[in-house]
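1. Need coordinates for the below:
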Amino acid sequence: MTAASVEVIEVANRRRGVASLTLAFVADPVMRWAWPDPYRYATYWPQFAEAFGGRAFDHGTAHGLEEYLAVALWLPPGVGPDEATVIELMGESMEDQTFDDIKGVFEQMGQLHPSTDHWYLALTGVDPVAQGRGLGSALLRHALATCDSDGLPAYLEATAPRNRDLYERHGFNVVGVIQAGSSPPLWAMLREPAGETGSAAISDR
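-> So this is what the prediction gives:
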């Protein structure tokens, strides 16, 4: 797998990209805590993905591999999620207690989010039928090369221990743990550009 095989997902194909991410997160501990009901998950999570990371499609920073089996939505410096729509969707679709807890999660996310220029990995995932083939790592390598070229850090929130460990192998460090009420933990992670603190660790998994 090479960086050259990574392609920008055009705006016209954004639904295909979101569909792959919806499958990728179907067993994610944080997302299924938020939407445990299958119908609500299938109905609302794609809308959440659009609001949270969909601006990547508009900025040409949505990346895909192998006909969208793997997708990464990177938000460039100065671009963030559509927070108002995110909160509206969650309020409409979640149980009251879960919504109260998720607001606490987002408050902590905001406190830990970098205030200086950075690349933000809003969402990334691999369709379960293609997991274990290194596609997620290939997408990371592609984007992190841009971060290094720009001399900018990369930031994300890992929603599962396995994902956290993968990001650590790519040079990310945990800068905080996010948890509110009954929510599972999320790990806020930051990677300095290579050359700032040495070359980033890269995994071929």
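2. show me where this structure has helices.
-> For the chain, the helices defined by DSSP state H occupy 14-24, 29-34, 38-53, 55-58, 83-93, 96-112, 135-150, 161-169.
3. how about the fourth one: buried residues?
-> Residues of helix 55-58 classed as buried: 55, 56, 57 (neighbour count, 16 or more other CB atoms under 10 Å). All C-beta spots, glycine's among them, are computed from the backbone N, C-alpha and C.
4. could I get these as CSV with distance to residue 161 and pLDDT?
-> Converted to CSV, the buried residues of helix 55-58 look like this (distance: CB to CB, whole Å; pLDDT from 0 to 100):
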residue, distance to residue 161, pLDDT
55, 28, 98
56, 25, 98
57, 29, 98
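5. Columns distance to residue 96 on top of those, output as CSV?
-> CSV is the format used below for those (distance: CB to CB, whole Å):
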residue, distance to residue 96
55, 29
56, 31
57, 32
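6. Out of those residues, which is nearest to residue 162?
-> Set against residue 162, the nearest of the buried residues of helix 55-58 by CB to CB is residue 56 (23.1 Å).
7. any idea how far residue 116 is from that closest one?
-> 20 Å (CB to CB, to the nearest Å).
8. Which one, of the helices of the chain, ends up nearest to residue 176?
-> That would be helix 96-112 among these, by CB to CB, at 4.5 Å.
9. Pull the residues that contact the closest one.
-> 33-34, 83, 86-87, 90-91, 94, 157, 175-176, 178-183, 186, 188 (CB atoms under 8 Å, 6 or more residues apart in numbering).
10. Over to stretch 172-182?
-> 33, 97-98, 100-105, 107-109, 112, 154, 156-157, 164, 168, 185-191.
11. And the buried ones among these, selectable in ChimeraX?
-> Of the contacts of stretch 172-182, the buried ones can be selected in ChimeraX as follows, counting by 16+ other CB under 10 Å:
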select :33,98,101,102,105,108,109,112,154,156,157,164,168,185,186,187,188,189,190,191
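12. any weak-confidence spans in this structure?
-> 1-4, 195-205 (pLDDT under 70).
13. run the last query once more with 90
-> Regions of the chain meeting the criterion pLDDT under 90 cover residues 1-5, 194-205.
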